[in-house]
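> sharing a model prediction with you, sequence too.
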Amino acid sequence: MSARVIAVVNQKGGAGKSTLAMLLAGALAEGGAGVLVADADPQGTALRWATAGGGFPARVEDLSDAEGKLHKQLRKRLEDYDYIVIDSPPHASAPVTESALRLAHLALVPVIPSPPDLWASLRIRDAIEHARGRNPDLVARIVVNQAQLNTLLAQEVLAMLPQFGIPLLAAQLKSRTAYRQAAALGGTISALGHRAAIASLEVAALAREVEELLA
Ligand SMILES: Nc1ncnc2c1ncn2[C@@H]1O[C@H](COP(=O)(O)OP(=O)(O)OP(=O)(O)O)[C@@H](O)[C@H]1O
Ligand SMILES: [Mg+2]
């Protein structure tokens, strides 16, 4: 079977691209899938995460110099994996983002529900629309990240999201220290054990929804 390709993209820095890419890749790999994380960001966050502890269940490779050739390089690897997750730099119009969106079956856009973050994310919607010229079947979903529980502001901002023109994934990532711990320890969320039980459920729901979208 040929790999399903997930590009995690956003113009906005710090929206949670690397966190989402690594949590998702870890959960998919723990579910038994063969997973490659293509770290296309020169900051190397995914690579650092995977090497911080040892034993990360997905393979993580530095592809930060592939730039506009990323899709060509990854196309050669499609038969080797079930999923390829691309962690991208915060540039909607960079050649590497365009290249990732050209190959991807699914674009995930993590968005922190706060107005400035939303405004800054609008350019990625245009990049996704543009990519559909060559990749008409590209599916896109916003993933609400760092959601605060039940605040009025969060609800008002969530109500703004449909204007964005990209549907929301039902699963969300709340703001949790467990996600930072997973990065610090270089592991998956479930490797944190009972300390991260609720976070593990949150990530499992996310992975399940992604698997269903790509089935
Ligand atoms: N749901 C969350 N709960 C708690 N902390 C989070 C969450 N998501 C992300 N963070 C933290 O926010 C910071 C930015 O996240 P991350 O590095 O994943 O963003 P990014 O979009 O990849 O950033 P960049 O644009 O620099 O690549 C990190 O310190 C990360 O640990
Ligand atoms: Mg990053």
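Right, received. Where do you want to start? Everything numeric in this text was worked out from a predicted model, so none of it was measured. Ligands and ions are numbered 1, 2, ... in the order given.

> excluding chain neighbours, what is closest to Tyr83?
Nearest non-adjacent residue to Tyr83, counting by C-beta to C-beta, 6 or more residues apart in numbering: Val35, 4.8 Å away. All C-beta spots, glycine's among them, are computed from the backbone N, C-alpha and C.

> residues in contact with the one you found?
25, 28-29, 57-59, 81-85 (C-beta atoms under 8 Å, 6 or more residues apart in numbering).

> and those, which two are furthest apart?
Within the contacts of Val35, Pro57 and Ile84 form the most distant pair, 14.8 Å apart (C-beta to C-beta).

> okay, now the closest residue to ligand 2 within the chain: neighbour count?
The nearest approach of the chain to ligand 2 comes at Ser18, 3.3 Å away (C-beta to the ion). With neighbours defined by other C-beta atoms under 10 Å, the count for Ser18 comes to 25.

> check whether it really touches Ser88, as I assumed.
No: applying C-beta atoms under 8 Å as the test, Ser18 and Ser88 come out as separate, 9.3 Å apart.

> got the contact list for Gly165?
Arg125 are the contacts of Gly165 under C-beta under 8 Å, 6+ apart.

> how near is it to Leu103?
22 Å (C-beta to C-beta, to the nearest Å).

> regarding the chain, what is its longest strand?
Taking DSSP state E as the criterion, the chain has its longest strand at strand 139-147.

> which strands or helices does the lowest-mean-pLDDT helix or strand in the chain pack on?
Ranked by mean pLDDT, DSSP states H and E, the weakest helix or strand in the chain is helix 152-160, scoring a mean of 75. Applying 3 or more C-beta pairs under 8 Å, 6 or more residues apart in numbering; DSSP states H and E, one finds that helix 152-160 contacts helix 115-131, strand 139-147.

> helices of the chain, residue ranges please.
With helices called from DSSP state H, the chain shows them at 17-30, 45-53, 70-75, 95-103, 115-131, 152-160, 177-185, 197-214.

> can you flag the weakest of those by average pLDDT?
Here the helices of the chain differ in mean pLDDT, and the lowest is helix 152-160 at a mean of 75.

> report the buried residues of that helix.
Residues of helix 152-160 classed as buried under the neighbour-count rule (16 or more other C-beta atoms under 10 Å) are 154, 157.

> and the contacts of that helix?
By C-beta under 8 Å, 6+ apart, helix 152-160 touches 113-115, 118, 144, 147-148.

> tell me what angle it forms with strand 139-147.
Angle, helix 152-160 to strand 139-147, by axes from the mean of the first three to the mean of the last three C-alpha atoms, to 10 degrees: 170 degrees.

> is ligand 1 contacted by helix 152-160?
No: Helix 152-160 is not in contact with ligand 1 by C-beta under 6 Å from any ligand atom; minimum separation 13.0 Å.

> give me the angle between that helix and helix 115-131.
Interaxial angle of helix 152-160 relative to helix 115-131 (the same axes, to 10 degrees): 20 degrees.

> run the chain-centre distance for helix 152-160.
22 Å (C-alpha atoms, centre = their mean, to the nearest Å).
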